[in-house]
Each structure stands twice: as structure tokens, then as C-alpha cells.
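S.K.: only the shape, not the letters, is given here:
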């Protein structure tokens, strides 16, 4: 079995700042981390590798400094790390990113063995679009299982996987053939503490570095700014709210008294709930 995990190096959101004049994110001097959602994907892939054997390749696209995040992934137990880095990738939106990553995944499959599963986090903390995972699946022509909370079973002989997916209406149990792409939901597992042997191996490991040409990307116009139709007009920090939170004492109060106290402080909430109740009784689909 050979699985690929796509990760991204992102600015630490706890220390990120917005430039007061240009309204753009200030990345200089901000420490970078592996996108937290990607760690759930990495752990899920590692667990499958531990159970069924095989290899796990970690892939990222970014500047040369993204090598640090790949080495971190190796300390957790990944077998191989591939860095897709080229100046032509600068400014890529999700459309251009998925084109480059999908092309690289095809080459990984040819060079290191067919890929059974592709893992990503559900989204990244710097973009929050949740588009890259599904975009890769579309470009590769494989089934996508999004918001997966648990992999229930995997039959390599039959090439079938069963996964538990969270949805607004509850939980779905999905069955599909391999290969497929999985985006893992947050808080579904906990990334392991890497072994000392893996840490030593990661320190001296050779990171595979591919340019666009190395990865087999033929249409450079689909990469970077040229291949990115998305235009970010402005980035800004949310303005501080003027009102303060109100503490409603709930101890030893009847439920109705507590509800009345909440409606006293939030009169619009009561009106909104009444409107929803009327629509539900009338069968309004809204």
C-alpha cells in the first residue's frame, strides 16, 4: 500500500498580523507550522501504514523553507517527503495549486508505486476554502470522501474502504473503491509523538525537490498568478465588538426564568426563534 499525504506550511495564526496600511497579511517574522488540520490526515495515514504496511509519502508545494515542515512530518514517521517548489508557483490560488499537486501526485505514483489513498486536512487555517482536497480529487478523477471522522475498515484485496463521515444531518457510512481521496475532520485523532529513530532519520533525510519541469507540469500558464483567477481585494482584521458579554446566573433558576433572562438581553433572538417556529409549522422550506 502506498498513501500520499498533502500538507501545507502556514503562518502561526496565533502570531499573525495585518498590515495597517496595505491590509495584507504580514508574514515576515511570523513563525510557520504545519497546517493543524493536516496533522489529523497525517496521523490517519500513519495508522493505516502501521496496520497494513507499505509506504507513506508526504507532499507539499511551497518555497524552499517549506522543507522544515516536511522534515517535521518525517519525525512523525512518514517514509518520504517531496517538496514541489518553483518560482512559477508563486501566487497560486486553489485552482492553480490543485493542478500542480495533482500532477505531482501522478508522478509520485509512477516513481514510487501506485497510490491507494490521498489524504488532506479538511482545510487550511490561512485560506479556509476547503477546496484543495476536492480539487485534487477532481483533477485525478478519483472519488472524494470529505469530512471523514473515522476509517472503519480497509480491504486491500478487494480495494474497498469504509469510512465514517460527519454531515449536518448526522453520520454517514460510505463505501468506495480505491484509489480515493480523503479529507480528515479535526479532533478525530491525535498526532503521535515521533520516535527518536524517526527524528534522527528526518534530520539526515534527503528531501525530494521538484521544480515544475521535474514534476512533469506541461502547462506553466496554469500555475502561479497566471493560472489563478481568484483575486483577493482586501484582507482585514475584524473590528472589535462594542457590546460586552453579559453573565446570566443560572444556578437554581427554573428553565423558563433562565430563558426569559436571555431574551431580555437578546430581544432579537426571541423574534428570530419565533419566526423560525412559524416557518416550521407552515412547512416553509427556508
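M.R.: Perfect, I can see it now. All values reported here derive from a predicted model rather than from experimental measurement.
S.K.: and the lengthiest strand in the chain, what other elements does it pack with?
M.R.: In the chain, with assignment by DSSP state E, the single longest strand is strand 143-155. Applying 3 or more C-beta pairs under 8 Å, 6 or more residues apart in numbering; DSSP states H and E, one finds that strand 143-155 contacts helix 36-52, helix 132-140, strand 160-167, strand 170-177, strand 180-184. Glycine gets a C-beta too; all of them are placed from N, C-alpha and C.
S.K.: contact partners of the shortest one?
M.R.: Contacts with strand 180-184, where a contact means C-beta atoms under 8 Å, 6 or more residues apart in numbering, come from 37, 40-41, 44, 117-122, 130, 133-134, 136-137, 140, 142-148, 151, 161, 163.
S.K.: next secondary structure after it?
M.R.: For strand 180-184, the following helix or strand on the C-terminal side (DSSP states H and E) is helix 196-204.
S.K.: for stretch 210-223, which positions count as buried?
M.R.: 210, 212, 215, 217, 222, 223 (16 or more other C-beta atoms under 10 Å).
S.K.: for residue 92, see how far away the last one is.
M.R.: With the distance defined as C-beta to C-beta, to the nearest Å, residue 223 ends up 6 Å from residue 92.
S.K.: common neighbours of these two, please.
M.R.: residue 100.
S.K.: before we move on, back to that, partner strands of the longest strand of the chain and their direction?
M.R.: When sheet partners are counted by DSSP bridges, strand 143-155 sits next to strand 160-167 (antiparallel), strand 180-184 (parallel).
S.K.: the first one versus helix 36-52: what angle between them?
M.R.: Following axes from the mean of the first three to the mean of the last three C-alpha atoms, to 10 degrees, one obtains 150 degrees for the angle between strand 160-167 and helix 36-52.
S.K.: please compute how far strand 160-167 lies from its chain's middle.
M.R.: Offset of strand 160-167 from its chain centre (C-alpha atoms, centre = their mean, to the nearest Å): 17 Å.
S.K.: can you list contacts of that strand?
M.R.: 117, 145-155, 171-178, 180, 182, 185.
S.K.: in a helix, that's where residue 119 is, yeah?
M.R.: No - per DSSP: H, G, I helix; E, B strand; the rest coil, residue 119 lies outside any helix segment and is strand.
S.K.: bridging residues for it?
M.R.: Here residue 119, judged by DSSP bridges, has bridge partners residue 5, residue 182.
S.K.: could you measure from it over to residue 132?
M.R.: 12 Å.
S.K.: who's more crowded, the two?
M.R.: residue 119 (27 against 23; other C-beta atoms under 10 Å).
S.K.: retrieve the pLDDT associated with that one.
M.R.: Listed pLDDT for residue 119 reads 98.
S.K.: surely it meets residue 5?
M.R.: Yes - here residue 119 lies in contact with residue 5, judged by C-beta atoms under 8 Å, at a distance of 4.5 Å.
S.K.: for residue 136, grab the count of nearby residues.
M.R.: So residue 136, with other C-beta under 10 Å, has 26 neighbours.
S.K.: need the contact list for it.
M.R.: 6, 98, 101, 102, 105, 118, 120, 181.
S.K.: what's the closest of the residues you listed to residue 269?
M.R.: Nearest to residue 269, judged by C-beta to C-beta, of the contacts of residue 136 is residue 120 at 37.2 Å.
S.K.: contacts only, for the closest one.
M.R.: 5, 6, 38, 41, 132, 133, 136, 181, 182, 183, 184.
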